[in-house]
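Chemist: model this:
(chains A and B)
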2 protein chains.
Amino acid sequence: MVKGEWIKPGAIVIDCGINHVPGAWQDICERSVIFTDCPCSLSFSDIEISRSCIPKPIDQVAREIGLLPDELELYGQTKAKVHLSALKRLKNQPDGKYVVVTGITPTPLGEGKSTTTIGLVQALGAHLHQNVFACVRQPSQGPTFGIKGGAAGGGYSQVVPMEEFNLHLTGDIHAITAANNLVAAALDTRIFHEQTQNDQALYNRLVPSVNGVRKFSEIQIRRLQKLGINKTDPAALTKEEVNLFVRLDIDPATITWQRVLDTNDRFLRKITIGQSPTEGGFSRVAQFDITVSSEIMAVLALSDGLDDMKKRLGRMVVASNKRGEPVTTDDLGVTGALAVLMKDAVKPNLMQTLEGTPVFVHAGPFANIAHGNSSVLADKVALKLVGKEGFVVTEAGFGADIGMEKFFNIKCRYSDLRPNVVVLVATVRALKMHGGGPTVSAGVPLPKEYTEENLQLLAKGCSNLSKQIQNARLFGVPVVVAVNAFKTDTKAELALVVQLAKEAGAFDAVECTHWAEGGKGAVALARAVQRASQTPSNFRFLYNVELPVIDKIRIIAQQIYGASDIELLPEAQEKVAVYTKQGFGNLPICMAKTHLSLSHDPEQKGAPTGFILPIRDIRASVGAGFLYPLVGKMSTMPGLPTRPSFYDIDLDTTSGEVNGLF
Amino acid sequence: MVKGEWIKPGAIVIDCGINHVPGAWQDICERSVIFTDCPCSLSFSDIEISRSCIPKPIDQVAREIGLLPDELELYGQTKAKVHLSALKRLKNQPDGKYVVVTGITPTPLGEGKSTTTIGLVQALGAHLHQNVFACVRQPSQGPTFGIKGGAAGGGYSQVVPMEEFNLHLTGDIHAITAANNLVAAALDTRIFHEQTQNDQALYNRLVPSVNGVRKFSEIQIRRLQKLGINKTDPAALTKEEVNLFVRLDIDPATITWQRVLDTNDRFLRKITIGQSPTEGGFSRVAQFDITVSSEIMAVLALSDGLDDMKKRLGRMVVASNKRGEPVTTDDLGVTGALAVLMKDAVKPNLMQTLEGTPVFVHAGPFANIAHGNSSVLADKVALKLVGKEGFVVTEAGFGADIGMEKFFNIKCRYSDLRPNVVVLVATVRALKMHGGGPTVSAGVPLPKEYTEENLQLLAKGCSNLSKQIQNARLFGVPVVVAVNAFKTDTKAELALVVQLAKEAGAFDAVECTHWAEGGKGAVALARAVQRASQTPSNFRFLYNVELPVIDKIRIIAQQIYGASDIELLPEAQEKVAVYTKQGFGNLPICMAKTHLSLSHDPEQKGAPTGFILPIRDIRASVGAGFLYPLVGKMSTMPGLPTRPSFYDIDLDTTSGEVNGLF
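Modeler: Numbering: from 1, shown residues only, chains lettered A, B, ... in the order given. A predicted model of the protein is given here:
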């Protein structure tokens, strides 16, 4: 019934099949689009809009942005991987302007940060004719089949085809799952083999005679060197050296490496493994995390090349040995295999927006329980491709206290890239919630406070907006507030947000309607971003990494969250001591905190102050390069609701079309 | 140091970098190739040979075999997915000749069945100029990083690039892992939600009001119909109907659905899940299997189109309810999501051999614990593409008692395809083992019995060859024996195998050297296959599916394995009763048995008789369409050895080359 055609960049006509009115424009309601001038009043879902657009062949997009044919690996007609050789070729090209999109503290429904990212690049590219790139995260399949849905944007600001974006893409997350779980299998099996064999048996198996020749593999020589044994002949090792070499001597109580799946499987949050008689009683308590919270995902996102990625994959710490020293993936002998499994994942994935502008979709760490930013490599390649006058718009997950803080303090620290503009997305809905409005939940109709004008609630809730603007300004970068307008917002409400944002120190604040109108609805935002990018940016980090771990956590808690102090529970205190002793005290900090409040308590809306932030535990992602404090109760494995979104997802086996994704 | 160039089909020159002798031919040693006439005596591994070949662009291969551009989805330069629309376009084209490659009972090292499959198509295609296709399985990453290595063939008979073949390929196995584990998460979470909510709460959540409208999704209407409730208005259900609808009422003790990973992770063979306090004490014992043993892998391999696959995915049985009725994936509401996750996996993957002939790599069920054959769809598309005079060579896993029996009784039953020729691969090495030679193990040098002439051991071991020839002839198809020659085999030994094979009823038996020589070394085999394909084939199934379950198992055990009878342990007896009552008694049988003996005991070599075959348990793969008896102890999750092959696998981050895969 619904088919579409491109008529010009920035406009898609969906034929309602009843009374097609060309040029009629759209109005919004929740997650669908209605032709206001069309008597049929049909509404269209995100996937119907996505399908109505026939994307350009992706090799054409690649040509348009100056990629060479041999820098491209097609994955069908609409996705391609870009070789890192492009970065080398363009190394003398000046970088474009670097824009990060963040938001106020959101409702559980999300406030349209991805949609704004896409709307903004559509405006800059298809309407203002700038070279432009969006860099976004690949979504986890957990939420796609669970409760949140996909992450391709929405309405007329989407990455297309959205079903390719939201499903396997080019397999990067699957590669991470495979790599992560190979480490886990290697780890537990190694402990098992060490427990069941003597030194000589282990040595004979680890360094076997092949056709009469016995030699160490390269990774074994690295381990010998780490142990201070400068020998390359297997026959030359003393008994003590053989013992040191064959025994990783892992203390099972210190294992921090977990298995992962990209599925919302709550029954794997705490499990006991090794209960088959074949494992001889060596069972232990373990857990599965969701893949996008894994260290290898963070490594992919933070690496700046193939060699850097391999080094990071080799120095990941999986446990301590019984002498308290860190045991790494390299000690397990698995570095090369991990690099091989990740060799394609390291290449950014090229797609396009509904309006034909280029998008990199690359890496997808969750923002609450991981660092929440797309890859350094995608941003770097994109900044070269757009050139000096162009724009790269990258998205940082959740609110500015979460994804943006980590963007600056972790991602920019490793990438050496310096942002020119922060775009902070706000909605009237979320601000009313912060002002004391009733609870907002997925699947439940919005209370009337959210659908009728209420300037009082809104004004009160702007405390959150002010605080998040201040948070961005702490880093010395100009802030443009994007007020993502909903159909039910009144003119007075939108004007109030704009006014209060400017009073709170925003460079500018503009109303946007890109969800309903595509790039056209974000032209004012794009112009504000252009102006802001002309002002000098005085970027600074929030903390020096050489500070003690506790000081760094306290700076984030006090300056960004508004806490009066932090409190380390005993497990966290112990970890600070361990990691500092092991030499990891100078890593930056990746807070695992709820995204639903500036504090650790999701119920605390607005801009709470005076609270003590509890640090329950601290983990180390040494390969990725950060310490990872758990604030309060943070689950690293989501669950499925009673009615997951998979109930609506279906495949038309005649047309091959996917239905019900949103 | 090693670089290569194509000089003509069937010959690759690897430049040793020291003293290049063009035209010098190769001699074999274990898993490497030496230029006999070259003073350097360098040896080359499988991956070095693979890398020495610059493959044709895969779109060129596609054009050569008559695929249209819009039937192809490129995945880089060397892999492509083929749309099923090709099958529709070619539906009136007559099928080519259908050849299945199987083997004698192998040693743990494997006897070169994949290598022979590739060598044979190279001979038929590049040397005898026939239209030809190889159809092979995608290998699991478990063995690739564990002990066995990859499965791309070997020496000068390989699918290239072998690292692409052996790693992620186009992500099909990853899609299966994701789909399988979504079912598992849906299953446990559903039990949890049913245990913690009353009927009305469940109903309100399962059929929520969205913008004031309450309606069933399509999959919920299917469930209502299955329950005999012909209503579509959620308000019209009686209290009893609501109860029936919302409660799957799964009996946890009957759950047969397991989680999977494509990793050799022995510590997941038996686990306890649900131990986090968030799951409120609903823990249970469960397990992970390897992905390639999963029902969804079997569904992929046995489907004959998108619609058939979706139907099979929906009728998979995951457990029984407390009334003893089967509960399906469709009852869980997950059919559409599974079809969406598998929509790309259903398309066969096109690659090529070292000599540029086309290969489909599609589906990869293990042969001992699953049905062990590549996909019906790949075979069907290939048979149309090669045309009436062409050849499609497909491989059935492990020995003829395992993969071939399942090929005929399961795969051919569902595909309606009828094979013309069986190629049975034998080696002097394995036959000597069957004659009583010492144990053959991976990683241990071969005893001298295997490297020196020993006609007596060999003649005795040919009992296994005879039995496997008879097994193939039970199905009425002519058998050509391929004697895969090793460097150390003597002329007299090779001649003896040929002679005894013919005496045992083979149509022909020929010596092959395709490992060392590529297609050239299998030309005699190709000619014998051509001749055999001219003889009438009188194909028949071994059993009628309508026979009682026990009778079908007994027929396989007695006629194929040589058992005197079978013995069902209590668990198996109970399952026969359950599955017969549930209406699944008329499914074909997929035996899960060791591949290392015709019997259930891996130590019994040759052609044992008079044994009683123990059936420990029976499982049902209702969607795939078979019952699955477990013969003796069969693990569905392999483990890693002390020194897994990942120790040798590495990535050169400068050249991007993969090293150490074999």
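Chemist: Tell me, how many residues neighbour the closest residue to A:R619 other than its chain neighbours?
Modeler: Excluding the flanking residues, the one nearest A:R619 by CB to CB, 6 or more residues apart in numbering or on different chains is A:Y628, at 4.4 Å. C-beta here means a position set from N, CA and C on the backbone, and glycine is covered the same way. A total of 23 residues lie near A:Y628 under the criterion other CB atoms under 10 Å in any protein chain shown.
Chemist: got the contact list for the helix or strand that contains A:Y628?
Modeler: Element membership of A:Y628 [criterion: DSSP states H and E] is strand A:626-631. Strand A:626-631 is contacted by residues A:298, A:371, A:410, A:549, A:553, A:572, A:579, A:584, A:587-594, A:600, A:613-621 when judged by CB atoms under 8 Å, 6 or more residues apart in numbering or on different chains.
Chemist: Export that strand to PDB, keeping only CA atoms.
Modeler: The C-alpha trace of strand A:626-631 is given here as PDB (Å, rounded to 0.1, in the frame of the first residue of the first chain):
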ATOM      1  CA  PHE A 626      40.100   3.400  31.600                       C
ATOM      2  CA  LEU A 627      39.000   2.600  35.100                       C
ATOM      3  CA  TYR A 628      35.400   1.900  35.400                       C
ATOM      4  CA  PRO A 629      33.700   2.800  38.800                       C
ATOM      5  CA  LEU A 630      30.200   1.300  39.300                       C
ATOM      6  CA  VAL A 631      27.900   3.900  40.800                       C
END
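Chemist: Tell me the helix or strand right after it.
Modeler: strand A:650-651.
Chemist: Would you give the sheet partners of that following strand, along with the direction of each?
Modeler: Strand A:650-651 has the following strand partners under DSSP bridges: strand A:658-659 (antiparallel).
Chemist: and the biggest strand by length in chain A with strand A:626-631, angle?
Modeler: Counting by DSSP state E, the longest strand found in chain A is strand A:612-621. Here the directions of strand A:612-621 and strand A:626-631 differ by 140 degrees (axes from the mean of the first three to the mean of the last three CA atoms, to 10 degrees).
Chemist: Just the C-alpha atoms of strand A:612-621, please, in CSV.
Modeler: C-alpha atoms of strand A:612-621 as CSV (Å, rounded to 0.1, in the frame of the first residue of the first chain):
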residue,chain,number,x,y,z
ILE,A,612,27.0,11.6,48.4
LEU,A,613,27.8,9.5,45.3
PRO,A,614,28.3,5.8,46.3
ILE,A,615,31.0,3.9,44.4
ARG,A,616,30.1,0.2,44.8
ASP,A,617,33.0,-1.3,42.9
ILE,A,618,35.7,-0.4,40.4
ARG,A,619,36.8,-2.4,37.3
ALA,A,620,39.8,-1.9,35.0
SER,A,621,39.6,-1.9,31.2
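Chemist: Grab the nearest non-local neighbour of A:G125.
Modeler: A:T357 (3.6 Å).
Chemist: show me the residues around A:K81 that make contact.
Modeler: For A:K81, the contacting residues are A:L72, A:E73, A:Y75, A:T170, A:D344, A:K347, A:P348, A:N349, A:L350, B:G76, by CB under 8 Å, 6+ apart.
Chemist: Spell out the secondary structure type for it.
Modeler: Under DSSP: H, G, I helix; E, B strand; the rest coil, A:K81 falls in the strand class.
Chemist: State the number of residues packed around whatever residue of the stretch 51-200 of chain A ends up closest to chain B.
Modeler: Chain B sits closest to A:H174 of the stretch 51-200 of chain A, with a gap of 3.4 Å, by CB to the nearest CB. Residues contacting A:H174 under the criterion other CB under 10 Å number 24.
Chemist: Past the helix or strand where A:G142 lies, which element shows up next along the chain?
Modeler: Using DSSP H and E, A:G142 sits in helix A:141-145. Next along the chain after helix A:141-145, taking DSSP H and E as the criterion, comes strand A:153-154.
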